[in-house]
Structure formats: structure tokens, C-alpha cells
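Peer 1: below: sequence and its predicted model.
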Amino acid sequence: MRLIVPFAAGGAADIIGRTIADKLGTLYGKTIIVENMAGAGSNSGINAAVKAEPDGHTLVLGAIAVAINPFLYKSMPFDPAKDLAPLTLALETPNIVIVPATSNVETLADLIAKAKAAPLNYASAGIGSSLHLAAELFKQQAKVDLVHVAYRGSNPALTDLIAGRMDVMFDNASTALPQIEAKTVRAIAVTTKVRLATLPDVPTVAEAGIPGYEMGNWWALFTSAKVPSAITAKLTIDLRKVLADPDVQKKITLVSGRVIASSSEELAAHLAAESSKWKSVIEAAGIRESQ
């Protein structure tokens, strides 16, 4: 068996994928090979899973991009709703709204007031990234003017934020937390509907003044829609067992993850809801792949 991780090695997706693959391999008494297959915003790796032999031996770790990419890319090699069999919504990780440590912005209310007085610049890891869309959702719901500055990845964006060249960033928890702990940036809110356990005093965006705001980076397991339903049903049961394992849950907390371990039906409903949500955000913001 193999688990395709459609992102580069070494990041949060890789840690999540290898953690799940190791424990699933133990359950099955065999080695599950993890293949990092980055490219086209995860489309390349997911398409490889869609095209694989439909015997249930190829799984893929999808992310929020599964719901975003159909509205961002001019053409897609697959249709997520038709070509993927949902197995389980595995976990969620937050983004954190951060400002430079030297900023006079102490709260989300401060940020909103300042943005209404004059446009602020926000940094992201690139067009269509979770950092970009989290900020655009905030911009639309808070009715403030934020100017997007896209970087090639989170690290250079974070570097400029720390230096004070950017006003705000909606960064992934895994990269933001070390800088928060080092006091080079200040956390003013988290984007998920529940607070982050490691930052219990930092409110959610919804708590801090934008009711209904919610944006979580989610990670889910899929296989090809051509795989027989009896096989996908067993895979879902086994993956939920894996996600319930204390060792797996402990490792997932290291990337600030919150385990969900949904049913396949719940994942299908989640994907449909997320697709509708991000379609509206992308269209309202006028985001295009070529930007």
C-alpha cells in the first residue's frame, strides 16, 4: 500500500501523512509507503491517486486545497466530487493572526480600526494559499481594506512581517508558534472556531469581533472513486481506529492539530460545504491562478 502526500517532504502534511501511514501499517502488519508528490497546489499527487489501480492500495492525504483549487485553477485534472472517494476528515489545524512585535496593534479590534483608517498590507505564502484565503475571508467579513502581498512561501513572508515591512499575516500555526514564543511577533487571534490549546489566552476571530468567521486548515484521507464501496468502508473504519490511537493524537498535537476522525459521509458533506464557501470568497475577491 502507499499513501500519497501531495506536498513536499518535511512540512506539516508530511508529518501527518507519515504518522498515519506508520500506525495504519502496524494495524495491517505491512509497510505503507509514503510518497511525496508535490506540484500544482496538490493537484498532481491527488490526480495520481485518482488514476491509480482502484484496489484500495493507494490513499491520498488531501487538504483544504481540494475545496479551493477547482475555483482557482483554469483547468483541473480531476473533479473532487466525482473522482475521489471520501474516507475520513482526519484533523484540523488553525491559522494565527499575527502582527510584528513592534506593532501598536494589540487586539483584533485594533487591527480592524487601523485598517478602516487606512489600508494595511498583509503577507501570504502565495496566491490561493490558506494564508491568502484566511485573510480574504476576514477582509470580506470585517469590511476592511487589506492589500495582499504574495510571497513564495511562508518563511519569506514571515521574515518581512518580523522586520515590520508587513502589517499582518494569517500564518499557519506550525510556523507562527516558534516566532510567537520567541516574541518576534504577537498573536491576536486564531482562525478556527475553538481556541488553540497552546495559546489559551488568544481569542478566536469570531470571539474577537467577527461572529461566524471560521477558517481551519483541514486534512482528509481519500482514495479513487472507482474503489469498491466495501473496501472504502473498511478503510474508513481502520483509519478512524488509527486516528483514535493516543500516540497518533500526541504526534498530531505537535503540528497544532485537532483530531476529528469523521465518517465518510461527514467528510463528503464537509467538502461540499467548504467548496461552496471558498467559491464565494474566491469569486468576491477576484482571485485567479495567474495572479
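Peer 2: Good, I have the coordinates.

Peer 1: please make it C-alpha for all contacts and neighbour counts, starting now.
Peer 2: Will do.

Peer 1: neighbours around the nearest residue to residue 194 once chain neighbours are set aside, how many?
Peer 2: Leaving out its chain neighbours, the residue that sits closest to residue 194 by C-alpha to C-alpha, 6 or more residues apart in numbering is residue 204, at 6.6 Å. Using other C-alpha atoms under 10 Å, residue 204 has 26 neighbouring residues.

Peer 1: and residue 204, how far from residue 108?
Peer 2: According to C-alpha to C-alpha, to the nearest Å, residue 204 and residue 108 sit 10 Å apart.

Peer 1: what's the overlap in contacts for these two?
Peer 2: residue 189 (C-alpha atoms under 8 Å, 6 or more residues apart in numbering).

Peer 1: for the residue sitting nearest the centre point of the chain, which three-state class applies?
Peer 2: Taking C-alpha atoms, centre = their mean as the criterion, residue 217 is the residue nearest the geometric centre of the chain, at 2.4 Å. Classification of residue 217 by DSSP: H, G, I helix; E, B strand; the rest coil places it in strand.

Peer 1: ok, now which ones touch residue 218?
Peer 2: Listed by C-alpha under 8 Å, 6+ apart, the contact partners of residue 218 are 63, 64, 89, 90, 91, 92, 93.

Peer 1: in the lengthiest helix in the chain, what counts as buried?
Peer 2: Ranked by number of residues, the top helix in the chain under DSSP state H is helix 264-285. For helix 264-285, the neighbour count (16 or more other C-alpha atoms under 10 Å) marks 264, 267, 268, 271, 274, 275, 278, 279, 281, 282 as buried.

Peer 1: same question for stretch 27-38.
Peer 2: Buried residues in stretch 27-38, defined by neighbour count with 16+ other C-alpha under 10 Å: 32, 34, 35, 36, 37, 38.
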